[in-house]
Structures are given as C-alpha cells and as structure tokens.
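[1] compute the structure for the input listed below.
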Amino acid sequence: MRVSAGRRALILTGGIIGCLLLESTCLNRVSFWGVRPDFVLMIVGSVGLASGWGKGLLWGAAGGLLEDVFSGSLPGSHALAKSVTGFVLGLAEGQVFKENPLLPAVALFIGTVVEQVLFFLAAGAFGQVRWTFITALLRVVVPTALINAVFAPLVFYYVAGLYEAPGFSRRERPRL
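    All right, here's what the predicted structure looks like:
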C-alpha cells in the first residue's frame, strides 16, 4: 500500500493509542497463561524490522512513554525497554523477509524477552517488582514472548506494508 510519511505516522500513532486503550479496557481481563499480548511492542518491533534502528528507537520511545502514561507504572521504564528493543530489532532490518511468517515471529520472541528483562531490571531497581528473576522469567517473560510470537506475523505484515516502496499501480504499469 502506498502511504506518505505523515499518514504513516498518524496510522502508527493511532495504532499504538488504540492498542493501549484496548489493553487497558477490553483486554484487561483476557489473558493467556496469566499474561496478555503486548501489541505496542509488536508494533514497535515491526517498525524496527521494517524500517531500521532509527525509526525503531523513535517509535519505541514514543510507544513506551505512552504506555507509561496509560499504565501508571514507573515513568520511563516502558520507554527505556521499548526503545532499546526497537533499536535492537531495527538492526535486523533487511534480514527479515515479509514472505516468511516465522522470521518476524522469532525476532519478536527475542525482542519480547529483551524488552521484558529490561523492564523488570528497571522496575526492580526501584523496588517495583517483588519477584525473583527466575520467577519473573517463568511466569511473565517466556509466556508473553510466546503469545507475542503468535500474533507477530499479522502485526508485522501490516506494519511492513506501510513501509513498502511505492510501486506501479495497475494503470501506471508500462505495457510491454
């Protein structure tokens, strides 16, 4: 799909805010293995994979700050974790192909583990987490990473479509 940079920014901002609203209202009571999917992280990771580390870092910071505001958690903890994750996944730009749904799933599984560990370290440094690292890993990090890996190909496919290079439409194609 052909999308200008301004329109892409509006779509991504609306998507992040919409996901945060859904996660804090409708999906608040829905959980798999005691955890919920992190759609904001999936959007941030997909932006990084589709467009590189700069945009992954930028959208990670923006999405993380919005999540800090919506969740009422330690200010900056989600922003730090999501911006680092967007940056790291952005380093893999060009290595993940849209045609293979397994690659974005694996990349976002790893990205979720990185994001969750960073969040628990940041929150734990200020006494916000009362679990041990192993307990957090088994109860939250791995189940969240598995759930995100299931939904990741769908989110990545949509976000990567926003970053496709404009091509010829049917009317613009040259006749051979």
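[2] only C-alpha atoms for contact and neighbour calcs from this point on.
    OK.
[3] for the lengthiest helix in the chain, packing partners?
    Using DSSP state H, we find that the single longest helix of the chain is helix 102-125. If you count contacts as 3 or more Cα pairs under 8 Å, 6 or more residues apart in numbering; DSSP states H and E, helix 102-125 packs onto helix 39-51, helix 77-90, helix 142-162.
[4] of those helices, give the one that comes closest to G15.
    Closest approach to G15 among the helices and strands packed on helix 102-125 (Cα to Cα): helix 39-51, 8.1 Å.
[5] least confident secondary structure element in the chain?
    helix 133-136 (a mean of 84; mean pLDDT, DSSP states H and E).
[6] and the contacts of it?
    Residues outside helix 133-136 that contact it (Cα atoms under 8 Å, 6 or more residues apart in numbering): F120.
[7] return the set of buried residues in it.
    Within helix 133-136, the residues scored as buried using 16 or more other Cα atoms under 10 Å are A136.
[8] check stretch 21-40 too.
    Of all the residues in stretch 21-40, those buried under the rule 16+ other Cα under 10 Å are 23, 35-40.
[9] out of these, who's nearest L146?
    Of all these, P37 has the smallest distance to L146: 8.9 Å, by Cα to Cα.
[10] if I look at the closest one, how far off is C19?
    10 Å (Cα to Cα, to the nearest Å).
[11] L121 too?
    24 Å.
[12] mind saving the C-alpha coords of the longest helix of the chain as CSV?
    Provided in CSV are the C-alpha atoms of helix 102-125 (Å, rounded to 0.1, in the frame of the first residue of the first chain):
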residue,chain,number,x,y,z
LEU,A,102,8.4,-17.5,11.0
LEU,A,103,11.2,-14.9,10.9
PRO,A,104,9.2,-12.0,12.4
ALA,A,105,7.7,-14.4,15.0
VAL,A,106,11.2,-15.4,16.1
ALA,A,107,12.6,-11.9,16.0
LEU,A,108,9.7,-10.6,18.1
PHE,A,109,10.0,-13.5,20.5
ILE,A,110,13.6,-12.5,21.1
GLY,A,111,12.6,-8.8,21.2
THR,A,112,9.9,-9.5,23.8
VAL,A,113,12.5,-11.3,26.0
VAL,A,114,14.8,-8.4,25.7
GLU,A,115,12.0,-5.8,26.5
GLN,A,116,10.6,-7.8,29.4
VAL,A,117,14.1,-8.3,31.0
LEU,A,118,14.9,-4.6,30.6
PHE,A,119,11.5,-3.6,32.1
PHE,A,120,12.0,-5.9,35.1
LEU,A,121,15.5,-4.7,35.7
ALA,A,122,14.4,-1.0,35.5
ALA,A,123,11.3,-1.6,37.7
GLY,A,124,13.2,-3.9,40.1
ALA,A,125,15.9,-1.2,40.6
